[in-house]
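Got a predicted structure plus its sequence, pasted below:
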Amino acid sequence: MFRFLQGEARHKLGTSFRLFHHYCGKTTTPIKPQTVRFDCFGFPRQDSLKFCHLKRNFSSFSEEATKGGIKSLPTYHARLFFDNVFPVRIGFFDFRYYIVRPSKEGLENKVKSGEKWLPKEQDLPYNFTVEVVEPRRREGGMFVKFSFCADPAQKDQALEDIREIVENHCPNKRVIPWFNFIKPRVFLVKGEPFIEDLTSRYPASRLRVEFQGSDVSIETLYKIFRCYGRIRDINILSPSVKDLPRFAMVQYSVIRAATSAKNCVHGVVVNGTRLSIMYEAPLKSNIIMDWITKHPRLSIPLIAGLAALITYLVFDPLRQFMITSKATQRFNLQEYPLYQWLRHETVDRLWAYKTTSDEGGTLPDVSSWAEREAEAAKLRNWLKEPPETFIVCLGPRGSGKTGFINNIISEKKAKVVIKCDEILSSRDQNEVVLKLAKQIGYFPVFNFLVSMSNLIDSLAGATLGQKAGFSSTTDTEIKKILDALAISLHDIAPEAIKKTSRDLLKTAPVNQSYDPNEIPVVVIDSYITKDKENHELWEHLAKFAALLVENRVAHVIFATSNSGVIKPLSRVLPTKTFNYVILSDAPPERAIDLVKKHVGDANIEKIDEAVQTFGGRFTDLQIFISKIKGGRSPTEALNDLISKSILEIRKYAFGDDVQDSKDIPWTGIQFWKIMKGLAQNKTIFYDTEKFSPIFNKDDTPLKAMEQAELITIMQLNGRPYIIRPGKPLYQAAFQQIASEKLFAATMELQTYEYLLAYETAKIHKYEAELNTLGQLFVKQDGNWLLGAGKIPSEIKERVDFLLMLLHKKHSLAAEYQRQVSAFKKEVAAGN
């Protein structure tokens, strides 16, 4: 029967008979063939091996053999290497290595239990015993060190039998890992493996086989290494090279085969030569990188052009899409009719009115005030027409310009709001670019490339002798952002408007077949703030706005509290007349009605008097209403507002802080004169203060006070006319500061000392001129040097005029001296 078996069946059966003969030995009791049964692998089952009608197993054979007088077999130790137990770690960032990290004890228990890789110890021949399991997670495998008993003459055959049993056990258990779905393989370790844990050395498909002895031929190396996987190439160091040690390179197709070969063959002795194996990272030559590094004069401009091409093809369309989405609120659910209907039918019905808060809340639509209805109607009519010129919304800070404009443009389908005060509050120029990009939806922004490009351009200029064209500045980035916004708005604008702009030379009538709400609106809020009038952002915004208006792309509204914006805007649009919306404080009657509407019936005692005191400034009304809702009485709320204003005035006007006093462009007595006049009257004349001795015809301090928003200068026919407090609440603060006797006495003392010094300087000037005139007419021997003994009439008239002025100045100086003495006593008394 044996000769008719073919292939693997014949091999298994032969192995089974050898194992059977090994355990039976030379017995005197004949063995009945029918008592021997084989399992699915072709091996005899333990329950079928009967010797003299005694059941034996593989694990107890050695012990029974010793009792029976049979000589015991020697014990040998060996290793099996299982590959594909773990994922091979190919680098530091290989996340699979951190996921699959079982403990050594758990792995050893699985091996001994016969669950996966090995059968149970009692099911293996040769008294097989697992001694230790050594996982090699980085190389994706594990060593199983075991001991076995065998006849020395059959040692190699016993190892091969054990390997075949284990190899056939794995497919039956279906041990298939999740990370590559490849069945693991098992190999006998032929050498002494080098078990190391070097952190910077990772497995590779290329092995460096060093010869510790004479060279080994390629044929021999192929026979040794081929069983572990397919080999791409084997190279031996040329005999002409005298470098030691000699070595060969074995290149496998996959890393898995290389790891198995290294762990199983390392330390093998072939014809007296010991093989030492290490991983060799393949040397990859990048032709493109070599060309780039060797030709910088060509590669750097090409890289710049490639970057520009990628930006044009990828990033510019993406940025325009993001800007359009931001302007049209494409991803804002509140803009969709379905959401608005649901909100109207649910939330708005539950809340009868919208409450407001001190800081975050807003008052109702200020455009509905009777005093502002005319301005609101003008603005709505201008927004319905095609863009022709700028719309400038002027008003003091806190007058509600932003809320007024936002309510009117709420129905517009495309709107962009640029808040200059938030942009200019940035810490550096890079943050200015980031905030501007965020407000208009410009994304992505590679702001760090500005500094990097400047560095690269400087290095290129130093090495190549010419600029590479990489340099970029903040102004360039701002211009790029605004240009992208202009292109996006041009795509949004109605086609009829854009056609009209092309036909201007033909004087074609304006096509009215468009929806006015489809015309984009750009709001530039807080334009040219008075504390940063020289910032470069203003010029960029002005040119950008002029571009939009000249091409009839969008309406541009400038909201500002600085009346000096007209001049820079006129430079970019010199042929147009601007449209103006003037917002002022609410009249007392409107302010009182508004406060009563929001506070209800609580705490309304003396509310009329309090509101009339601080006026109708929009922001002050918000704070006043919130304080009353917080439980304060109108009088207490008013006193809190006045106290806060007094602190602001003392800090910014009189420079109570030492650092602030150095930067104030006016003197304390100059502001005291203005403040004292406004405390007594609501307005004072501009020219009266300008030509007073305190200012001495210099209006620079007055303009600086206006920029600091301490006063407001009203104009008449294009020239300054009268002066008012910066806001109505300041008049009450001025009155309270002026009523402090000691502070008033101190300021009056400084004022009269300045006036005394001023008049004294005039007196010295007149006396010096009289002395000069007197020296021309010195009497010698009873005769005058000039005039034949008489003083000329012209000189006499000049002398009389100087004497008259001298008399007046002496009178004023005497009066100022008396005031100085009186105020010194008052200050010294501390009353």
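Perfect, I can see it now.

so where is the stretch 51-200 of the chain shaky, pLDDT-wise?
51-71, 171-175 (pLDDT under 70).

residue ranges for the helices of it, please.
Assignment of helices within the stretch 51-200 of the chain using DSSP state H, counting those that start in this stretch yields the ranges 61-67, 96-99, 104-113, 155-173.

if you compare those helices, which one is most tucked away?
Stretch with highest mean neighbour count among the helices of the stretch 51-200 of the chain: helix 155-173 (a mean of 16; mean count of other C-beta atoms under 10 Å). (Glycine included, C-beta is placed from N, CA and C.)

who does that helix touch, helix- and strand-wise?
Packing partners of helix 155-173 (3 or more C-beta pairs under 8 Å, 6 or more residues apart in numbering; DSSP states H and E): helix 7-24, strand 75-82, strand 141-149, strand 186-188.

follow-up on the earlier one: would you format the helices of the stretch 51-200 of the chain as TSV with distance to residue 426 included?
As requested, the helices of the stretch 51-200 of the chain are arranged in TSV below (distance: least, C-beta to C-beta, whole Å):
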stretch	distance to residue 426
helix 61-67	85
helix 96-99	41
helix 104-113	57
helix 155-173	66
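
Tell me where the stretch 251-400 of the chain has strands.
For the stretch 251-400 of the chain, the strands defined by DSSP state E, counting those that start in this stretch occupy 269-270, 273-279, 391-394.

Let me have the ones you listed in JSON lines, extended by distance to residue 768 and mean neighbour count.
Output for the strands of the stretch 251-400 of the chain, formatted as JSON lines (distance: least, C-beta to C-beta, whole Å; neighbours: other C-beta atoms under 10 Å):
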{"stretch": "strand 269-270", "distance to residue 768": "119", "mean neighbour count": "16"}
{"stretch": "strand 273-279", "distance to residue 768": "101", "mean neighbour count": "19"}
{"stretch": "strand 391-394", "distance to residue 768": "50", "mean neighbour count": "22"}
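
Distance of residue 430 relative to residue 652?
30 Å (C-beta to C-beta, to the nearest Å).

do the same with residue 215
Going from residue 215 to residue 652 by C-beta to C-beta gives 91 Å.

do the same with residue 678
Distance from residue 678 to residue 652, by C-beta to C-beta: 16 Å.

The two: which has the busier surroundings?
residue 678 (22 against 18; other C-beta atoms under 10 Å).

count of neighbours near residue 583?
Around residue 583 there are 24 residues (other C-beta under 10 Å).

Around residue 739, count how many other residues there are.
Residue 739: 10 neighbours (other C-beta under 10 Å).

Equivalent analysis for residue 528, please.
Around residue 528 there are 23 residues (other C-beta under 10 Å).

what's the helix or strand for residue 714?
Taking DSSP states H and E as the definition, one finds residue 714 inside strand 711-716.

Could you list the buried residues of that strand?
Residues of strand 711-716 classed as buried: 711-713 (neighbour count, 16 or more other C-beta atoms under 10 Å).

Convert the following helix or strand past that strand to CSV, retaining C-alpha atoms only.
Going down the chain from strand 711-716, the next helix or strand is strand 719-725, by DSSP H and E. C-alpha atoms of strand 719-725 as CSV (Å, rounded to 0.1, in the frame of the first residue of the first chain):
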residue,chain,number,x,y,z
ARG,A,719,-14.5,126.0,9.0
PRO,A,720,-14.5,125.3,12.7
TYR,A,721,-17.3,127.3,14.5
ILE,A,722,-18.2,126.1,18.0
ILE,A,723,-17.0,123.6,20.5
ARG,A,724,-19.1,121.1,22.4
PRO,A,725,-18.4,118.3,24.9
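
Can you name every helix or strand that the helix or strand following strand 719-725 contacts?
Going down the chain from strand 719-725, the next helix or strand is helix 728-738, by DSSP H and E. With contacts taken as 3+ C-beta pairs under 8 Å, 6+ apart, helix 728-738 sits against helix 607-614, helix 634-652, helix 668-680.

If I take the helix or strand just after helix 728-738 and helix 728-738, what angle do their directions form?
Remark: after helix 728-738, the chain's next helix or strand is helix 741-775, criterion DSSP H and E. With axes from the mean of the first three to the mean of the last three C-alpha atoms, to 10 degrees applied, the angle from helix 741-775 to helix 728-738 works out at 80 degrees.

Give me the buried positions along helix 741-775.
Buried residues in helix 741-775 (16+ other C-beta under 10 Å): 744-756, 758-760, 762-763, 766.

Figure out which of the helices and strands packed on helix 728-738 is closest to residue 410.
helix 607-614 (28.5 Å; C-beta to C-beta).

got the CA coordinates for the closest one in PDB?
This file holds the C-alpha atoms of helix 607-614, laid out as PDB (Å, rounded to 0.1, in the frame of the first residue of the first chain):
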ATOM      1  CA  ILE A 607     -35.700 109.300  35.400                       C
ATOM      2  CA  ASP A 608     -36.500 112.300  33.200                       C
ATOM      3  CA  GLU A 609     -34.000 114.500  35.000                       C
ATOM      4  CA  ALA A 610     -31.300 111.800  34.800                       C
ATOM      5  CA  VAL A 611     -31.800 111.200  31.100                       C
ATOM      6  CA  GLN A 612     -31.800 114.900  30.300                       C
ATOM      7  CA  THR A 613     -28.500 115.100  32.200                       C
ATOM      8  CA  PHE A 614     -26.500 112.600  30.200                       C
END
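
So what's the gap between whichever helix or strand comes after that helix and the chain middle?
Next helix or strand after helix 607-614 toward the C-terminus (DSSP H and E): helix 618-629. How far helix 618-629 lies from its chain's middle: 36 Å, per C-alpha atoms, centre = their mean, to the nearest Å.
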